[in-house]
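> need a structure here:
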Amino acid sequence: MDLVSRGTTLAAALLACAITAGCGGSVADADARGSTRSAAPVRSPFCIAAQTNVAAIRPLSALVTRGGATPEELSNTVDAVRRAGSAMLDAAPDEIRPDVERTVQATDLQLDALLGNGGDGAAVARDPQLNARLGSAEFTDARERVQAYVDSNCGVPRPTGR
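Coordinates of the predicted model:
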């Protein structure tokens, strides 16, 4: 696997955490032909925080994919992702709070590794211990439960393939 592919893999992993934690879909999805949304969903503080988390991770994914971020740019973007994750945890309903906490922990593990490797997404993607930890049932089960909650309660359907 080449450097770009590894960086893209990490970016995809970060984005997957974001999507898992936050609402799927986009304005483009809502505007797509065949959209059947009839009324705006009620937005809970958790759903709003989850969407903010998605928005915070997108620039980080772009930095990792692009490569060459300055230390300040990387640090500022990572800090924004951490703040968004913290806000999401603060707003999490009691029924999924432990799962949101694990999902945020998974993101923090990736952020720590990314900072520790100077923004080198390829190095993070090659870390077998990190990959094993992120792929553990503890994290994957939590991610699935958070996604199920978001799908059921946040009013934004998961995007489908076109």
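
> Just after the lowest-mean-pLDDT helix or strand in the chain, pick out the following helix or strand.
Least confident element among the helices and strands of the chain, by mean pLDDT, DSSP states H and E: helix 27-31 (a mean of 37). Next along the chain after helix 27-31, taking DSSP states H and E as the criterion, comes helix 45-66.

> As CSV, could you dump the C-alpha coordinates of whatever helix or strand comes next after that following helix?
Scanning forward in sequence from helix 45-66 by DSSP H and E, the next helix or strand is helix 71-91. This file holds the C-alpha atoms of helix 71-91, laid out as CSV (Å, rounded to 0.1, in the frame of the first residue of the first chain):
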residue,chain,number,x,y,z
PRO,A,71,2.2,21.7,13.1
GLU,A,72,-0.1,24.6,14.0
GLU,A,73,-2.7,23.7,11.4
LEU,A,74,-2.7,20.1,12.5
SER,A,75,-2.9,21.0,16.2
ASN,A,76,-5.7,23.5,15.6
THR,A,77,-7.7,21.0,13.6
VAL,A,78,-7.2,18.2,16.1
ASP,A,79,-8.3,20.6,18.9
ALA,A,80,-11.5,21.4,17.0
VAL,A,81,-12.2,17.7,16.6
ARG,A,82,-11.6,17.1,20.3
ARG,A,83,-13.9,19.9,21.3
ALA,A,84,-16.6,18.6,19.0
GLY,A,85,-16.3,15.1,20.5
SER,A,86,-16.4,16.5,24.0
ALA,A,87,-19.6,18.4,23.2
MET,A,88,-21.1,15.3,21.7
LEU,A,89,-20.3,13.3,24.8
ASP,A,90,-21.7,16.1,27.0
ALA,A,91,-25.0,16.0,25.0
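
> Which positions within the next helix or strand after helix 71-91 qualify as buried?
Sequence-wise, the next helix or strand downstream of helix 71-91 (DSSP H and E) is helix 97-116. Within helix 97-116, the residues that count as buried by 16 or more other C-beta atoms under 10 Å are 99-111, 113-114. C-betas here are computed from N, CA, C, even on glycine.

> tally of neighbours for Q147?
Look at Q147: counted by other C-beta atoms under 10 Å, it has 20 neighbours.

> Same question for E138.
E138: 13 neighbours (other C-beta under 10 Å).

> Then T70?
Around T70 there are 10 other residues, counting by other C-beta under 10 Å.
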